[in-house]
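S.K.: One predicted model, sequence on top.
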Amino acid sequence: MRALLLASTLFALPAFAETVALEPQQVTEWKPVYGRVEAKETVPARARIGGTVTELSVSEGDVVESGQEIARVHDDKISFQIAALDAQIEALQAQLATAEAELKRGEALLERGVTTAQRLDQLRTSVDVTRGQILATEAQRDVVEQQAAEGQVLAPAAGRILTVPVTKGAVILPGEPIATVGGGGFFLRLAIPERHAAALNEGAALRISTETGEAQGRIAKLYPQIENGRVIADVEVEGLDTAYVGLRLLVTLPVGSRMALLVPEGAVETRGGIDFVELHDGAERAVVLGESVATDEGDFIEVLTGLVAGDKVVAP
């Protein structure tokens with residue numbers, strides 16, 4: 001009988017147990033906030049001339065390259081101006097032909113002594129003036145042709161089309177945006193209460209909750225201007241899902257530290273809704289627990305009341 005009692009007592013003891021002396025440890029305090037997925041560069045693709053949108057080749061969500069044509073704007077007045085300049089050039093070319101013919105006739109008359117050198121100089125000047133007028137009109141025509149070429153609306157940067165505020169057939173003014181391109185990569189933008197500003201540092205590690213699990217990020221930039229009592233920060237996240245710009249994600253960031261008593265999670269036993277911890281002398285203490293803390297040595301849980309520094313806890 002004594003042998004059975006001894007065997008049962010041995011099996012009741014923990015197979016692997018150790019005694020942990022409690023000491024206050026520094027614990028990082030985490031603050032949950034929401035961040036928005038935003039593009040690093042949001043650039044509008046603007047029309048350089050006014051007119052009617054005759055072609056629109058993109059919509060929201062499309063990916064474009066820098067310099068890619070995304071729309072075309074046509075102004076009927078430009079074609080009329082080109083036609084008018086072409087008519088002026090033809091008229092000036094006819095005047096030039098007449099002036100050159102008169103110049104040749106004047107040179108022949110001067111050789112026979114019929115006309116004067118002064119009259120010949122006037123004819124040469126008329127030819128030069130007409131040629132200059134042709135060059136000026138052709139340059140003016142090049143300017144109008146360049147305006148017609150500027151009807152092409154090009155993507156200012158590589159990225160994703162975020163908004164397209166116009167439709168095909170719409171009439172727009174010079175400088176009006178045709179589309180908005182988000183490029184340069186994507187990041188999370190946070191608005192953090194200003195009371196935590198002193199605890200924020202560039203490069204600090206953060207935890208981001210995504211649909212695929214928890215991801216790691218870091219504070220890439222802190223903006224010096226506080227807006228509406230909030231500090232603005234940009235967070236870089238590797239592998240960030242950019243399917244939806246403006247998507248809100250839960251971010252947990254460190255805002256300070258405090259001292260706390262931590263016990264291994266395996267040292268806590270719950271009976272009847274009350275948490276107990278066994279001490280090295282066999283006594284049990286009812287405790288009130290706080291949040292779980294993950295460390296390099298394992299998973300611990302904070303003890304709010306029931307234990308003091310120096311207590312020795314039995315933990316498996």
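M.R.: Received the coordinates, thanks.
S.K.: Now residue 274. Its backbone dihedrals?
M.R.: Backbone torsions for residue 274, taken as degrees, to the nearest 10, come to phi -120, psi 140.
S.K.: quick one: it and residue 284 touch, right?
M.R.: No - here residue 274 does not reach residue 284: they are 10.2 Å apart, not a contact under Cβ atoms under 8 Å. All C-beta atoms are positioned from the backbone trio N, CA, C, and that covers glycine.
S.K.: what comes up buried for stretch 84-94?
M.R.: Of the residues in stretch 84-94, 85, 88, 89, 92 count as buried by neighbour count, 16 or more other Cβ atoms under 10 Å.
S.K.: Run through the stretch 201-316 of the chain and note the low-pLDDT ranges.
M.R.: 296 (pLDDT under 70).
S.K.: all strands of it, in order?
M.R.: Taking DSSP state E, counting those that start in this stretch as the criterion, the stretch 201-316 of the chain contains strands spanning 205-210, 213-227, 230-237, 248-264, 268-271, 274-278, 284-295, 298-305, 312-315.
S.K.: Dump those strands to JSON lines, plus mean neighbour count and distance to residue 74.
M.R.: As requested, the strands of the stretch 201-316 of the chain are arranged in JSON lines below (neighbours: other Cβ atoms under 10 Å; distance: least, Cβ to Cβ, whole Å):
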{"stretch": "strand 205-210", "mean neighbour count": "16", "distance to residue 74": "45"}
{"stretch": "strand 213-227", "mean neighbour count": "13", "distance to residue 74": "42"}
{"stretch": "strand 230-237", "mean neighbour count": "19", "distance to residue 74": "41"}
{"stretch": "strand 248-264", "mean neighbour count": "17", "distance to residue 74": "41"}
{"stretch": "strand 268-271", "mean neighbour count": "12", "distance to residue 74": "75"}
{"stretch": "strand 274-278", "mean neighbour count": "17", "distance to residue 74": "76"}
{"stretch": "strand 284-295", "mean neighbour count": "13", "distance to residue 74": "63"}
{"stretch": "strand 298-305", "mean neighbour count": "16", "distance to residue 74": "67"}
{"stretch": "strand 312-315", "mean neighbour count": "18", "distance to residue 74": "79"}
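S.K.: for these, which one sits closest to residue 113?
M.R.: When the strands of the stretch 201-316 of the chain are compared for distance to residue 113 using Cβ to Cβ, the nearest one is strand 213-227, at 87.2 Å.
S.K.: so what strands line up beside the closest one?
M.R.: strand 205-210 (antiparallel), strand 230-237 (antiparallel) (DSSP bridges).
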